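A.B. asks: All I have is the shape, not the residue letters:
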């Protein structure tokens, strides 16, 4: 099962944010220094002191979650094939439910109907978000180029 991280809107306590921020730096430094390593060994305190072996992808996901937590945001893990309600999808995109329904009806995001309800897979939602982010970056680049051509920047 492929998973992805989706930040939630709940804020974390400041102490958790500080600890997560420091952990993010350490985990990312380790990953950077050990780029070829596919399995990461972690020592866990407790009775069984044997190292725990984790796939690199899991540690990279952990680093991403810690970065969000370090910024004071909570994080939820959602399987890519999880089906979301329109309200959950709207909340994750930070848009209104009517706006999201407009995107669905315009064919921007794939969905299926269950009875009278629409269900959106997390992968479809994230695909739309990636395409939308790309469009926004492209538009910003064009505006920057136009501003430079006009001598405004």
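C.D. replies: The structure has been received and is ready for your questions. Just so we're clear, the structure is a prediction, and the values are computed from it rather than from any experiment.
A.B. asks: Now find how far off-centre the longest helix belonging to the chain is within its chain.
C.D. replies: Secondary structure of the chain per DSSP state H: the longest helix is helix 122-149. For helix 122-149, the distance from its own C-alpha centre to the chain's C-alpha centre is 17 Å (C-alpha atoms, centre = their mean, to the nearest Å).
A.B. asks: what comes up buried for that helix?
C.D. replies: Along helix 122-149, these residues count as buried under the neighbour rule (16 or more other C-beta atoms under 10 Å): 122-126, 128. Quick note: C-beta positions are derived from backbone N, CA and C, even for glycine.
A.B. asks: Could you single out the nearest of these to residue 113?
C.D. replies: Checking the buried residues of helix 122-149 against residue 113 by C-beta to C-beta gives residue 124 as the nearest, at 13.7 Å.
A.B. asks: got any ranges where this protein has weak pLDDT?
C.D. replies: For the chain, the stretches flagged by pLDDT under 70 are 1-14.
A.B. asks: for it, what spans make up the strands?
C.D. replies: 3-11, 39-42, 52-55, 73-79, 83-84, 112-114, 117-121 (DSSP state E).
A.B. asks: Take those and lay them out in TSV including mean neighbour count and distance to residue 145.
C.D. replies: Below are the strands of the chain laid out as TSV (neighbours: other C-beta atoms under 10 Å; distance: least, C-beta to C-beta, whole Å):
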stretch	mean neighbour count	distance to residue 145
strand 3-11	14	31
strand 39-42	13	42
strand 52-55	11	42
strand 73-79	15	33
strand 83-84	18	37
strand 112-114	10	40
strand 117-121	18	35
